[in-house]
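Trainee: just a sequence and a predicted model for now, questions to come.
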Amino acid sequence: MAADDLATRLVAGDVRALARSIRMVEDRDPQIASLISQVRLRTGQAWVSGVTGPPGSGKSTLCDQLIGCWRQQGESVGVIAVDPSSPFTGGAILGDRVRMQRHALDSGVFIRSMAARGHLGGLTSAAREAIRLLDAAGRERVLLETVGVGQSELEVMLTADTTIVVTTPVAGDAVQIIKAGIMEIADIFVVNKVDLPGAPKVYRELRDLVRQTKAHDPWPPPVIMTSAVEGRGVDELVAEIDHHRAVITQSG
């Protein structure tokens, strides 16, 4: 299919055209530059929320809850979930999609799993182009989930409008967050799995750390306690994302 025909279908919201376009990005199809150029004027409307944090912190379950909240508000959602690739086979399980299966038949939700393919930034190299395509297709919210945070995996900050850093009591105290090099990238901190022992302690330490280091910033990152499995705290997280969006929009 020619790039101009695909672009027409994409901006009309055709899901198959969207899926095919993202596949072209992943395959580095020569036509993708022309396609993105044609739809560029239709981008800039979606709000991109990046979710990062250590493996096992509950990022996928939290994303599932965010999707549910936004769908209840009548907003369309696009999801890019990046999974780690095996250093031996190059393959990926793409398991994040499994945790979002309750939205699989919802036409207002488009979920695409991508393999990191050795890319070290926490995202796949195709993620940014895929976000542009989701934006052009009319998705009002875009969720970007990384493979798991580390010192080299800060690329999400450069891609998302709102960066959400998820941690848990299992991950250790607030000092571990500083050591991981992610204190500077967070717009919102989430302490997930609040039913575990030590959650209030991590919450207090993070909140105090923000007050000490970010008190004079235009946006001191809020710290929110959630239980993604139970849905606790998710409404507060959605409200803070919207608040951050309002502050960013107003300040330019």
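Mentor: Perfect, thanks for sending it.
Trainee: which residues does the helix or strand hosting D135 contact?
Mentor: Assigned by DSSP states H and E, D135 falls within helix 127-136. By Cβ atoms under 8 Å, 6 or more residues apart in numbering, the residues outside helix 127-136 that reach it are 10-11, 18, 21-22, 25-26, 32, 36, 39-40, 42-46, 48, 78, 80, 82, 110, 112, 114, 142, 144, 159. All C-beta atoms are positioned from the backbone trio N, CA, C, and that covers glycine.
Trainee: longest helix in this structure, by number of residues?
Mentor: Counting residues, the longest helix in the chain under DSSP state H turns out to be helix 234-251.
Trainee: of the contacts of helix 127-136, which belong to strands?
Mentor: Under the assignment DSSP state E, the contacts of helix 127-136 contribute 48, 78, 80, 82, 110, 112, 114, 142, 144 to strands.
Trainee: will you turn the residues you listed into JSON lines that also has pLDDT?
Mentor: What follows is the ones in strands among the contacts of helix 127-136, written out as JSON lines (pLDDT from 0 to 100):
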{"residue": "V48", "pLDDT": "97"}
{"residue": "G78", "pLDDT": "96"}
{"residue": "I80", "pLDDT": "92"}
{"residue": "V82", "pLDDT": "83"}
{"residue": "F110", "pLDDT": "94"}
{"residue": "R112", "pLDDT": "90"}
{"residue": "M114", "pLDDT": "82"}
{"residue": "V142", "pLDDT": "97"}
{"residue": "L144", "pLDDT": "93"}
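Trainee: give me the buried entries from those.
Mentor: Neighbour counting over the ones in strands among the contacts of helix 127-136 (16 or more other Cβ atoms under 10 Å) leaves 48, 78, 80, 82, 110, 112, 114, 142, 144 as the buried ones.
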